[in-house]
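Colleague: Pasting the sequence and the predicted model now:
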Amino acid sequence: MNQYISYIIAFSLVNLFLVYLLNLPTIITGANNLVQEYYYTHGIYHYFFDLILIGIYIAISKFFINLFNIKNNKVLVVALTTLIISSFFMIGFLSYPKNSTFFSRWFYKTKFKAVIYDIILVSSIYLTHNYLLL
């Protein structure tokens, strides 16, 4: 299977399961109104936004996996990369006064719980994507 098609399928399946069936972002963050806004009110836009953004997270992770010739536990590299990138964004948004943008409101409400959610989401997509490529 083509790796791009596999990624889109993995991304869609994981989002369907974790977001729409399990409601994981609300369970982890407790930010029900923001989750509703992101995934339901503006769901189509954010589907494509996340498709690209998470693809970038995974591409950066694969860069480090290849750079350091990592053979085992690659998902740990994905989790660590996500931790670093998402924490960077969180710190960036929290270092400025809260404003009306979605991500400012998201990080002010959820703090590090947003990073935990990102780690689970990105790692799950990575694992599903690799499984589909077998």
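Modeller: Good, I have the coordinates.

Colleague: Point out the other elements, helices or strands, that the longest helix seen in the chain touches.
Modeller: Identified as the longest helix of the chain according to DSSP state H is helix 43-67. Under the contact definition 3 or more C-beta pairs under 8 Å, 6 or more residues apart in numbering; DSSP states H and E, helix 43-67 sits against helix 3-15, helix 74-94, helix 112-133. Where you see a C-beta, it was placed from the backbone N, CA and C, and this is true even at glycine.

Colleague: Next, work out how far apart Ser86 and Val78 are.
Modeller: Look at Ser86 and Val78: by C-beta to C-beta, to the nearest Å, they are 12 Å apart.

Colleague: Among the two, which residue is more densely surrounded?
Modeller: Val78 (25 against 21; other C-beta atoms under 10 Å).

Colleague: can you tell me which residues contact the more buried one?
Modeller: The contact partners of Val78, by C-beta atoms under 8 Å, 6 or more residues apart in numbering, come to 57-58, 61, 122-123, 126.

Colleague: any idea how far it lies from His129?
Modeller: Applying C-beta to C-beta to Val78 and His129 gives a distance of 10 Å.

Colleague: so what sits against both of those two?
Modeller: Contacts common to Val78 and His129, judged by C-beta under 8 Å, 6+ apart, are Ile58.

Colleague: What is the neighbour count of the spatially closest residue to His129 that is not a sequence neighbour?
Modeller: Using C-beta to C-beta, 6 or more residues apart in numbering and skipping the chain neighbours, the partner closest in space to His129 is Ala10 (3.8 Å). Look at Ala10: counted by other C-beta under 10 Å, it has 22 neighbours.
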